[in-house]
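Novice: predicted structure and sequence below. I'll ask about it afterward.
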Amino acid sequence: MTTPHPDAPEVIVVGAGLAGLTAARRLTQVGRRVRVLEARGRVGGRTHTLRLPVTGVSVDVGGQWVGPNQPHVMALIRELGLEVFPTYDAGQNLALVLGHRLLYRGLIPPLPPHVLADYALLSRRFEALARRIPKEAPWTAPGAEALDAQTFDTWITRHAHTPQTRALMRLYAGAVFSADAGELSLLHALAYTAHGGGINGHTLTRGNALQDRVLGGAQSIAQRLADGLPDVRLNSPVMRVEQDGAGVTLHTPDGPHHALRAILAVPPTLLSGVPFDPPLPPRRAQLQQRLPMGAVIKFLAVYERPFWRDAGLSGMAISDTGPVTVTFDNSPPQGAPGVLLGFIEGHDARALMDRSEEERRGAALASLTRLFGEAALFPLETVDCNWAAEPYSGGCYGALFGPGTWTGYGEALRAPVGRLHWAGAETARVWMNYMDGAVESGERVAAEVLAAVGLAAAGP
Ligand SMILES: Cc1cc2nc3c(=O)[nH]c(=O)nc-3n(C[C@H](O)[C@H](O)[C@H](O)COP(=O)(O)OP(=O)(O)OC[C@H]3O[C@@H](n4cnc5c(N)ncnc54)[C@H](O)[C@@H]3O)c2cc1C
C-alpha cells in the first residue's frame with residue numbers, strides 16, 4: 001500500500017444512501033476532502049423515487065415516511081430546503097382478520113371485548129419490557145441473554161390467548177420489520193420497538209413515524225445531499241478493502257482509491273462478500289454473516305382517482321391474508337391520481353420474490369380487490385420493487401437480528417476496525433433501520449472520523 005497522494009481524498013465513504021451522504025456532507029462542511037463511492041448508477045440506496053411512464057405520477061418504491069418523533073431526518077429535510085406533506089388518513093380503516101371484515105378508526109379494529117382485552121394486556125406487557133432495553137446497546141439489558149434466546153413468535157405464542165391477538169402481533173412484525181415474528185429475536189423486537197417509544201410510534205400517522213411524506217419523493221433528500229458534494233462516483237462498487245499504518249485503499253472496477261480513513265455505510269451483510277486485508281476481526285466478520293435483510297415487495301397501483309375515499313375509507317388496511325397485508329393511500333398531495341400502496345412482507349414476499357412481475361401484479365391486485373372491491377382491479381398502471389432482487393440492498397427494510405446476534409455480536413456493530421468506520425441505518429442509536437437512523441448514523445460516524453483525523457490539517 002502506498003502513502004496517499006496529497007490531493008487524494010482524506011476520507012472515502014462507501015455507499016451513497018442517506019447515511020453515507022450525511023457523513024460526507026458533515027465532513028465536507030468542516031473542510032475535509034471526501035470521495036463517495038456508490039455501486040449503483042444512482043444515489044439514495046433504499047430510498048428510490050420513480051416517475052411512472054403512463055400517469056407521470058412520482059412514487060416512492062423504497063422508504064417514504066418521516067415523523068415529528070424523528071428529529072435527525074426532519075432537521076436534515078429542513079436544512080436541505082425540502083418540504084413534507086401529511087399522509088392521507090381521513091376516514092375509516094379496514095381490517096381483514098380471521099375472515100372478518102371490520103371498519104374502524106385508530107390502531108385497533110373492533111374485535112370482540114375479550115380479544116381487545118387480551119391484545120391490550122399483551123401489547124402493554126411487550127411495551128413494558130421494551131422500555132427496559134437500552135436502545136443503543138440491547139445486549140446490556142437486564143436478562144438480555146434470555147430475551148435473545150427466543151424468537152418474537154415464541155413469545156407471542158406463549159403469551160397471547162386468542163388467535164386474533166396472535167394475528168395482530170404477527171402483522172406488527174411483518175409491517176414494521178418486513179419479517180415473520182419467528183425470524184426475530186425477542187430482544188431485537190423489543191429494542192426496535194423502543195426506538196419508536198412503543199408500537200404506536202412505528203405504526204400510526206399523526207405525531208408518529210408515518211405522519212409525513214417528502215414532497216418530490218424521499219430520494220430527493222439523497223439527491224440534494226449529493227448535489228452539494230464535490231466527488232460522488234456512481235457505478236463504483238467497492239470490491240476489496242485494504243488498510244495499513246498509512247491509510248486505506250478501496251478497489252473499484254476503475255482502480256484503487258486511497259485515503260486516510262474509510263466509512264462503510266452499506267448494509268452489513270453485503271460486506272460479507274467483500275474481502276478485507278487484513279481480515280476483519282472474527283467477531284465483526286461473523287456479525288456481518290448474521291444480519292440477513294428483511295423480505296419486502298412494495299407494490300403501487302395508480303387509479304384515475306382515489307375511489308376508496310368516496311366510500312369513506314382512508315385507504316389504510318391490514319389483512320392477515322396475504323400477499324398484501326398492509327395498505328395505505330399514497331396519492332400525491334393534490335389527491336389525484338389515486339395511488340394505493342400495498343406491502344408484501346416476510347413469508348408472503350418469499351412466496352413471490354422469484355415470480356415474474358406479472359405474477360406479482362396479479363397476486364397484489366387480487367389482495368387489493370379483496371380489500372377495496374372490484375374497482376381496485378383496474379389500475380391505470382402499477383409498479384413494484386422486489387427489494388430482495390436488488391444486489392446492492394439484498395432485501396429491506398433493514399437487517400434482521402435473529403436469536404443470539406445482539407448478545408453475541410452487538411459490541412462489534414459500531415466499533416471501528418483500525419481505519420474503518422461503520423455507518424448505515426443498521427448501526428443507528430435511534431430509529432434503527434429507518435431514514436432517521438441512517439441520518440443519525442451518518443452524523444455519529446462523521447464525528448467519530450473527525451475525532452480520529454482532527455478538524456484541521458490532514459494527518460493520520
Ligand atoms: C420498501 C421500503 C420501505 C421503507 N419504508 C421506510 C419508511 O417509510 N420510513 C423510513 O424511515 N424508512 C423506511 N425504509 C428504510 C429506509 O429506507 C432505510 O433505513 C434507509 O434509507 C437506509 O439508508 P442507508 O444509507 O443506511 O443505507 P442504503 O440506503 O442501503 O445505502 C447504502 C448504499 O450503499 C451502496 N452499496 C452497497 N454495496 C456497495 C459496495 N460494495 N460499494 C459501493 N456502494 C455499495 C448501495 O447501493 C446503497 O446506495 C424503507 C425501506 C424500504 C426498502
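Specialist: In hand now; what should we look at?
Novice: count of residues packed around Ala246?
Specialist: Residues near Ala246, counting by other C-beta atoms under 10 Å, number 14. No exception for glycine: its C-beta is placed from N, CA and C like everyone else's.
Novice: for Leu234, the count of nearby residues, please.
Specialist: Using other C-beta under 10 Å, Leu234 has 14 other residues around it.
Novice: which bits of the stretch 201-350 of the chain sit near the ligand?
Specialist: Pro237, Val238, Ala265, Val266, Pro267, Leu270, Val274, Val296, Lys298 (C-beta under 6 Å from any ligand atom).
Novice: got CSV for those residues, with distance to Pro138 and secondary structure too?
Specialist: As requested, these are exported to CSV (distance: C-beta to C-beta, whole Å; DSSP: H, G, I helix; E, B strand; the rest coil):
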residue, distance to Pro138, secondary structure
Pro237, 32, coil
Val238, 29, coil
Ala265, 22, coil
Val266, 22, coil
Pro267, 19, coil
Leu270, 22, helix
Val274, 26, coil
Val296, 23, strand
Lys298, 28, strand
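Novice: most surrounded residue in those?
Specialist: Result: Ala265 is most packed of those (other C-beta under 10 Å), 31 neighbours.
Novice: report pLDDT for it.
Specialist: With respect to pLDDT, Ala265 has a value of 99.
Novice: could the residues of the stretch 201-350 of the chain next to the ligand go into JSON lines alongside distance to Arg414?
Specialist: Listed next are those as JSON lines, based on distance: C-beta to C-beta, whole Å:
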{"residue": "Pro237", "distance to Arg414": "24"}
{"residue": "Val238", "distance to Arg414": "20"}
{"residue": "Ala265", "distance to Arg414": "12"}
{"residue": "Val266", "distance to Arg414": "14"}
{"residue": "Pro267", "distance to Arg414": "14"}
{"residue": "Leu270", "distance to Arg414": "17"}
{"residue": "Val274", "distance to Arg414": "18"}
{"residue": "Val296", "distance to Arg414": "25"}
{"residue": "Lys298", "distance to Arg414": "29"}
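Novice: between the residues you listed, which sits nearest Ala175?
Specialist: The nearest member of those to Ala175, counting by C-beta to C-beta, is Val296 at 9.8 Å.
Novice: I'd say the closest one and Ser178 touch.
Specialist: Yes: with contact defined as C-beta atoms under 8 Å, Val296 and Ser178 form a contacting pair (3.9 Å).
Novice: need the overlap of contacts for these two.
Specialist: Taking C-beta atoms under 8 Å, 6 or more residues apart in numbering as the contact rule, Val296 and Ser178 both touch Phe343, Glu345, Ala349, Gly395, Cys396, Tyr397.
Novice: from the centroid of this protein, which residue is nearest?
Specialist: Most central in the chain under C-alpha atoms, centre = their mean is Tyr397, positioned 3.5 Å from the mean C-alpha point.
Novice: filter the shared contacts of Val296 and Ser178 down to the ones in strands?
Specialist: The strands, defined by DSSP state E, take in Phe343, Glu345 from the shared contacts of Val296 and Ser178.
Novice: buried ones among the shared contacts of Val296 and Ser178?
Specialist: Phe343, Glu345, Ala349, Gly395, Cys396, Tyr397 (16 or more other C-beta atoms under 10 Å).
Novice: how about the contacts made by the fifth one?
Specialist: Looking back up the chat, that one is Cys396. For Cys396, the contact set (C-beta under 8 Å, 6+ apart) comprises Arg46, Gly62, Ser178, Met293, Gly294, Val296, Trp387, Glu390.
Novice: among the residues you listed, who's most crowded?
Specialist: Neighbour max across the contacts of Cys396 (other C-beta under 10 Å) = Arg46, 29 neighbours.
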